[in-house]
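*Asks:* my questions are about this predicted structure, shown below with the sequence.
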Amino acid sequence: MSWVILFFAGLFEIGWAVGLKQTEGFTRPIPTALTVASMVISLALLGMALKSLPLGTAYAVWTGIGTVGTVILGIVLYGESADILRLGCIALIVAGILGLKLITP
């Protein structure tokens, strides 16, 4: 169950990372409130997952999910670069996440 909780913590990390862009420097109240809520939920879920997962593994997976998701949304929503080298680097992060999952009980 901790892995599921960690996965959702990573999804909320994506939410607050993308939300930061939408706040326009915290000048827009609704995006700011949603971003802060996403931050709180993400950290709360990470804390729950840490009850039974190793710190290094959980943190690496949490940030990895956030990184990969944020890059994908940056490409889709903001037209950021999707060149092969960038996508290859993201694939390495995904491989690292999967590797940590496979070797962690």
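*Replies:* Looks like it arrived, so ask away.
*Asks:* so residue 52, which of the three states?
*Replies:* The three-state label given to residue 52 by DSSP: H, G, I helix; E, B strand; the rest coil is coil.
*Asks:* quick one, longest helix in the protein?
*Replies:* Ordering each helix of the chain by length in residues (DSSP state H) puts helix 55-78 first.
*Asks:* restricting to C-alpha, output that one in CSV.
*Replies:* Taking Å, rounded to 0.1, in the frame of the first residue of the first chain, the C-alpha atoms of helix 55-78 are listed here in CSV:
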residue,chain,number,x,y,z
LEU,A,55,13.8,7.3,3.0
GLY,A,56,16.3,7.3,0.1
THR,A,57,14.1,5.1,-2.0
ALA,A,58,10.9,7.0,-1.3
TYR,A,59,12.4,10.4,-1.8
ALA,A,60,14.0,9.4,-5.1
VAL,A,61,10.8,7.8,-6.4
TRP,A,62,8.7,10.8,-5.3
THR,A,63,11.0,13.3,-7.0
GLY,A,64,11.3,11.1,-10.0
ILE,A,65,7.6,10.8,-10.5
GLY,A,66,7.4,14.6,-10.1
THR,A,67,10.2,15.2,-12.5
VAL,A,68,8.9,12.9,-15.3
GLY,A,69,5.3,14.2,-15.0
THR,A,70,6.4,17.8,-14.9
VAL,A,71,8.5,17.4,-18.0
ILE,A,72,5.7,15.6,-19.9
LEU,A,73,3.2,18.3,-18.9
GLY,A,74,5.7,21.0,-19.9
ILE,A,75,6.0,19.5,-23.3
VAL,A,76,2.2,19.1,-23.7
LEU,A,77,1.0,22.3,-22.1
TYR,A,78,3.8,24.8,-22.7
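*Asks:* flag every buried residue along it.
*Replies:* 57-58, 60-62, 64-71, 73-74 (16 or more other CB atoms under 10 Å). All C-beta spots, glycine's among them, are computed from the backbone N, C-alpha and C.
*Asks:* kindly report the same for stretch 3-20.
*Replies:* Going by neighbour count (16+ other CB under 10 Å), the buried part of stretch 3-20 is 5-20.
*Asks:* brilliant, that's me finished.
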